[in-house]
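K.L.:
no FASTA, just this:
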């Protein structure tokens, strides 16, 4: 796939395709970035921080997720509250930090995983996800639930389960829904 220039938002979290990420934005570099994203109806890349901080310089991983703003509101304190939704995964091929501190990456979009049924032997993971979502008091009440889609099940479990961000990143980078479900199973056994 061809590369594209994408603004990057380094965070101490992993965003999965189809996942929602609430953000409170106050730094000028990100306020400006989000203004352009909203005006031009384009996304930005969410990447996990390896070293550094969300405020200032950061070294990030190479695989992230494109995000689009699905809702926003300006607080009376000037803080921008947004809800971003994860889209396509990408790999950063090159990055630069601009004079305003904004990171921009040359990114290659990764193939979208096809919608496939949950493979035999992993139905218990689907059932676990159904139970967890039912107990989350509405966090997923407005989202379309696709319990029959192996990729969706794997991504939602990766969001919900209490595993480290390093494991979440490994799950994001895993190519293939079946492989991701197997990896989730191995972490559940631990």
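P.N.:
Cool, got the structure. Nothing here was measured: the structure is a model prediction, and the numbers come from that model.

K.L.:
could you tell me which residues within the strand ranked longest in the chain count as buried?
P.N.:
Using DSSP state E, we find that the single longest strand of the chain is strand 80-97. Within strand 80-97, the residues that count as buried by 16 or more other Cβ atoms under 10 Å are 80, 82, 84-92, 95. Every C-beta, even on glycine, is put in place using the N, C-alpha and C of the backbone.

K.L.:
what's the answer for stretch 100-109, then?
P.N.:
102-105, 107, 109.

K.L.:
about what we covered before: from the buried residues of strand 80-97, which has minimum pLDDT?
P.N.:
Least confident of these in the model: residue 80, at 81.

K.L.:
state the mean pLDDT of the helix or strand hosting residue 5.
P.N.:
Using DSSP states H and E, residue 5 maps to strand 3-11. Mean pLDDT, strand 3-11: 91.

K.L.:
who does the helix or strand following it touch, helix- and strand-wise?
P.N.:
For strand 3-11, the following helix or strand on the C-terminal side (DSSP H and E) is strand 20-25. For strand 20-25, the contact count by 3 or more Cβ pairs under 8 Å, 6 or more residues apart in numbering; DSSP states H and E identifies strand 80-97 as packing neighbours.

K.L.:
given the strand it packs on, what are its sheet partners and their directions?
P.N.:
strand 20-25 (antiparallel), strand 63-74 (antiparallel), strand 103-109 (antiparallel) (DSSP bridges).

K.L.:
what are the buried residues along the longest one?
P.N.:
This means strand 63-74. 63-69.

K.L.:
so what does the strand holding residue 5 touch, helix or strand wise?
P.N.:
helix 28-40, strand 44-52, strand 58-60, strand 63-74, strand 80-97, strand 103-109.

K.L.:
can you add distance to residue 171 and give the ones you listed back as JSON lines?
P.N.:
Formatted as JSON lines, the helices and strands packed on strand 3-11 follow (distance: least, Cβ to Cβ, whole Å):
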{"stretch": "helix 28-40", "distance to residue 171": "26"}
{"stretch": "strand 44-52", "distance to residue 171": "12"}
{"stretch": "strand 58-60", "distance to residue 171": "17"}
{"stretch": "strand 63-74", "distance to residue 171": "11"}
{"stretch": "strand 80-97", "distance to residue 171": "11"}
{"stretch": "strand 103-109", "distance to residue 171": "19"}
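
K.L.:
between strand 80-97 and the worst-scoring helix or strand of the chain on mean pLDDT, find me the angle.
P.N.:
The least trusted helix or strand in the chain, going by mean pLDDT, DSSP states H and E, turns out to be helix 28-40, with a mean of 86. Inter-element angle recorded for helix 28-40 and strand 80-97: 110 degrees (by axes from the mean of the first three to the mean of the last three Cα atoms, to 10 degrees).

K.L.:
can you give me the buried ones in helix 28-40?
P.N.:
Buried, per 16+ other Cβ under 10 Å, within helix 28-40: 29-30, 33-34, 37.
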